[in-house]
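**Q** Here is a sequence together with a model predicted from it:
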Amino acid sequence: MKKFTVKAILFYAISAVCALTITGLTNVAIYWFLAVAGLSDLGSMPLFIAGLALVETAVSVYCVSQISEDMLYYDGEYDEEEPANVFEEEKAT
């Protein structure tokens, strides 16, 4: 159990750093695009900032939860000993 706890803490710490880096780069790209397009006023609106933060947070949480499901709770369900033969039934008929 202790090994899982350490693995989980390490995974979520790395995930948080990655999510912050990706959202930071996304913010730089969005605000650069707004500046180039002459829409700098849009980027300073509180509703735009709140919406952008909400979308980025939701996407980050969803992605981390999907990846953590495979990384931390992997039970070997993807391991197949032999590949399934789809055409085997067609040969029998």
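**A** Cool, got the structure.

**Q** SS state for Y74?
**A** coil (DSSP: H, G, I helix; E, B strand; the rest coil).

**Q** An error on my part: the question was meant for G38.
**A** Strictly by three-state DSSP, G38 counts as coil.

**Q** and it, how far is that from T5?
**A** Distance of G38 to T5, computed by Cβ to Cβ, to the nearest Å: 51 Å. (C-beta placed from N, C-alpha, C; glycine too.)

**Q** And for T26?
**A** Taking Cβ to Cβ, one finds T26 at 31 Å from T5.

**Q** In terms of packing, which of these two has more residues around it?
**A** More crowded of T26 and T5, by other Cβ atoms under 10 Å: T26, with 14 against 9.

**Q** contacting residues for that one?
**A** T26 makes contact with E56, according to Cβ atoms under 8 Å, 6 or more residues apart in numbering.

**Q** And the next helix or strand past the helix or strand hosting it?
**A** Assigned by DSSP states H and E, T26 belongs to helix 2-36. The C-terminal neighbour of helix 2-36 among helices and strands, as given by DSSP H and E, is helix 40-43.

**Q** which residues touch that following helix?
**A** So helix 40-43 is contacted by I30, Y31, L34, A35, F48, I49 (Cβ under 8 Å, 6+ apart).

**Q** Could you list the low-pLDDT ranges of this protein?
**A** Applying pLDDT under 70 to the chain picks out residues 75-93.

**Q** how much space is there between the residue sitting nearest the centre point of it and D70?
**A** What sits nearest the mean C-alpha location of the chain, by Cα atoms, centre = their mean, is C63, with 2.4 Å. Distance, C63 to D70, using Cβ to Cβ: 12 Å.

**Q** Disregarding residues adjacent in the polypeptide, which is nearest to V64?
**A** Using Cβ to Cβ, 6 or more residues apart in numbering and skipping residues adjacent in sequence, the residue nearest V64 is S15, 4.6 Å away.

**Q** from memory that neighbour sits against Q66, does it?
**A** No - applying Cβ atoms under 8 Å, one finds S15 not in contact with Q66, separated by 11.0 Å.

**Q** And those two? Which one has more around it.
**A** S15 (18 against 10).
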